[in-house]
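Asker: After the sequence you'll find the predicted model.
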Amino acid sequence: MAREMKAVIRAEVDPSGVVSGVARAQAELRKLNAAAASTAINTGVSAAIAAAQVAARIGTAVINAAQTRVQTLQQTTTQFNVQAANAATMAQVADFQRSKRIADALAPDVIRGIQGQTAAKDAEAARMLADPLLGPGLANSMAIGAGVDSTRNLAADEAIASTVPASEVVDILRNMQQLIRDLGKPF
């Protein structure tokens, strides 16, 4: 006869490890829930901003259309109605008179401002004309700029035309440096 065999498996679980594992899992779930809530809020805010932008564009278009219509009706009315044309003319006269009063009030200050600008430009011109080194310095700067451009183009052309060994690059750079030094010397 076959005998029955029984096996008993005993497992001991450290309850502190299980508890800390559950606590870590719950903490991670809380982080996920917070991230999801933040994403939902951000999505809602973005959607609200986009909707507000669309509404603003529609509102602007409606206002522009209304203004265009008002201008068209005003133009037609002032063109074909004598009283409206007279009112428009009187409004233009009032605008001219208002502008004239403003111009008369501000004229002395504007005149002083223009005179100040002219005096500053005259002083700058006098300073430039009195500086004996400005002309030669300008010429040197222009020559240096042209030399730098020419040397940079030469180096680029050399690099494009052939494979330049490192020793030749060093020589080209030294030549460029000497050319720049020579160009910087006064005439």
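Answerer: Happy to help now that I have it.

Asker: what helix or strand does the residue lying closest to residue 134 once chain neighbours are set aside sit in?
Answerer: Distance criterion C-beta to C-beta, 6 or more residues apart in numbering; nearest residue to residue 134, sequence neighbours excluded, is residue 128 at 5.8 Å. For the C-beta atoms, the positions are set from N, CA and C on the backbone; glycine is no exception. When elements are assigned from DSSP states H and E, residue 128 belongs to helix 82-130.

Asker: distance of residue 34 from residue 40?
Answerer: For residue 34, the distance to residue 40 (C-beta to C-beta, to the nearest Å) stands at 11 Å.

Asker: Kindly report the same for residue 159.
Answerer: If you go by C-beta to C-beta, the gap between residue 159 and residue 40 works out to 56 Å.

Asker: Just the angle for the helix or strand harbouring residue 28 relative to helix 82-130, thanks.
Answerer: Following DSSP H and E, the helix or strand that holds residue 28 is helix 15-80. Counting by axes from the mean of the first three to the mean of the last three C-alpha atoms, to 10 degrees, helix 15-80 lies at 110 degrees to helix 82-130.

Asker: related to what we said a few turns ago, any idea of the mean pLDDT for the helix holding residue 128?
Answerer: Average pLDDT, helix 82-130: 95.

Asker: Check the offset of it from the chain's centre.
Answerer: Its chain's C-alpha centre and that of helix 82-130 lie 34 Å apart, by C-alpha atoms, centre = their mean, to the nearest Å.
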